[in-house]
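Participant: Predicted model follows, preceded by the sequence.
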Amino acid sequence: MNLRLLIVGASGQLGSDVTRAARSRPGMDVVSLSREDLDLSRSDEIAGILGRRDFDVLINCAAHTGVDSAESDIAAAVSLNAHAVRELARACREAEARFVTFSTDYVFDGRADRPYAEEAAPRPLNVYGASKLMGEALAAAEWPEATYVIRTASLFGTGRLGRDGGNFVETMLRAASGGRTLRVVDDITMSPTWSGHLAPATLALLETDAPPGIYHLAGGGAASWYELAAAALSAAGVDGELQPVSVAEYPTPARRPAYSVLDCGRAAELGLRLPSWEEGLAAYMAERGRAVGLSAPVGPSP
């Protein structure tokens, strides 16, 4: 029996990879919805649009991802990351379908000295993290029997490159090609994750007998933004001068957790483990080289 899969936010960085991975997987009938098909900022329209579709699983890849902009536009972040997620979970409950949505390492405060497991107490430092945590709670309350929350971190993928998207890696490569010294924070440590690894792992989770709940899926190992930037420039063969700086020297509107490495043990118990972030970066660079229209990398820094 085929699995009828509905992907929301399919044209984004993660959604593009989830769509591609699902369409290459036998036994999955895939319908992809872009923002033009379903605008989650209009949460009152979600039930009506999804009520006309038949699906077994809905994967939500849409989100308000502007960490800094969320500080000044709280309503937009909460609308997309929390209220819309609740409406999607409600639609899944009505359809008796499983619901998968993605969250973030930014639900944690960064004071730990070891990777965060799923049961660690969340204490977000910024609006973005708080809005994602609210979405987790609302979805679980709406449809606890079949809601899967996947927390990940520091995503980079080729999904929207050459259009209006980008990621930290592309930002570093673009800036380095301009010949200027790059000041990159070296006292924030996280789990860089290639969306090309996260997407198939998400589908594999659905193919197990995994109970609903929270799962961490992120690239193996840990790195600072400085280490990720240095590795990216090296992999691309780009000469660029990097200068490590502290968070105090490079303030941003939103506070970031100093340490947000994710413990992915719950997924590992199911046989799911993402490769290291270094392997993810190597795979990303290979895919980037094959992609069309990447003559001018673009995108905001995180």
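Facilitator: That came through, no problem.
Participant: Show the residue spans covered by the helices in the stretch 151-300 of the chain.
Facilitator: For the stretch 151-300 of the chain, the helices defined by DSSP state H, counting those that start in this stretch occupy 168-177, 195-206, 225-236, 265-268, 277-290.
Participant: Which helix or strand in the protein has the lowest average pLDDT?
Facilitator: Least confident helix or strand of the chain, by mean pLDDT, DSSP states H and E, is helix 168-177 with a mean of 88.
Participant: hmm, back to that, turn the helices of the stretch 151-300 of the chain into TSV, columns for distance to F99.
Facilitator: For glycine as for every other residue, the C-beta is placed from the backbone atoms N, C-alpha and C. Shown next, in TSV, are the helices of the stretch 151-300 of the chain (distance: least, CB to CB, whole Å):
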stretch	distance to F99
helix 168-177	29
helix 195-206	11
helix 225-236	31
helix 265-268	17
helix 277-290	26
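Participant: Can you flag the weakest of the ones you listed by average pLDDT?
Facilitator: Of all those, helix 168-177 carries the lowest average pLDDT, namely a mean of 88.
Participant: buried ones in that helix?
Facilitator: Using 16 or more other CB atoms under 10 Å as the test for burial, helix 168-177 gives F168, V169, E170, T171, M172, L173, R174, A175, A176.
Participant: Return the per-residue confidence for G293.
Facilitator: 48.
Participant: Kindly report the same for the one 4 residues further on.
Facilitator: The score at P297 is 36. That number is its pLDDT.
Participant: repeat for the one 4 residues further on
Facilitator: At S301, the model reports a pLDDT of 35.
Participant: next one: S34
Facilitator: For S34, the predicted pLDDT is 88.
Participant: where do the strands sit along this structure?
Facilitator: Listed in chain order, the strands of the chain (DSSP state E) span 3-8, 28-33, 57-60, 98-104, 147-152, 155-156, 182-185, 189-190, 193-194, 213-216, 223-224, 242-245.
Participant: picking up where we left off before, got the angle for the least confident helix or strand of the chain vs helix 277-290?
Facilitator: Orientation note: helix 168-177 sits at an angle of 70 degrees relative to helix 277-290 (axes from the mean of the first three to the mean of the last three CA atoms, to 10 degrees).
Participant: coming back round to it: between the strands of the chain, which one is nearest to A117?
Facilitator: Within those, the stretch nearest A117 is strand 213-216; the backing value is 7.4 Å (CB to CB).
Participant: Name every strand pairing with that closest one and say which way it goes.
Facilitator: Strand 213-216 has the following sheet partners, assigned by DSSP bridges: strand 147-152 (parallel).
Participant: contacting residues around the partner strand?
Facilitator: 89, 92, 98-105, 107, 118, 136, 139-140, 191, 193, 198, 202, 205-206, 210, 212-218, 262 (CB atoms under 8 Å, 6 or more residues apart in numbering).
Participant: who's in contact with G110?
Facilitator: L125, I188, R256, P257, A258, Y259, S260.
Participant: meant to ask about F55
Facilitator: Here F55 is in contact with R4, L5, L6, V31, A95, A97 (CB under 8 Å, 6+ apart).
Participant: one step back: which of the contacts of G110 has the most neighbours?
Facilitator: Of all these, the highest neighbour tally under other CB atoms under 10 Å goes to S260, namely 27 neighbours.
Participant: Quick check: it vs T158, distance?
Facilitator: Counting by CB to CB, to the nearest Å, the separation of S260 from T158 is 24 Å.
Participant: now do R174
Facilitator: Relative to T158, and taking CB to CB, R174 is found at 14 Å.
Participant: and G289, how many residues sit next to it?
Facilitator: Count around G289 with other CB under 10 Å applied: 10.
Participant: swap in P122?
Facilitator: 18.
Participant: Verify the stated contact: it with Y106.
Facilitator: No: P122 is not in contact with Y106 according to CB atoms under 8 Å; the separation is 9.4 Å.
Participant: where do the contact lists of the two overlap?
Facilitator: With CB under 8 Å, 6+ apart, P122 and Y106 have common neighbours G129.
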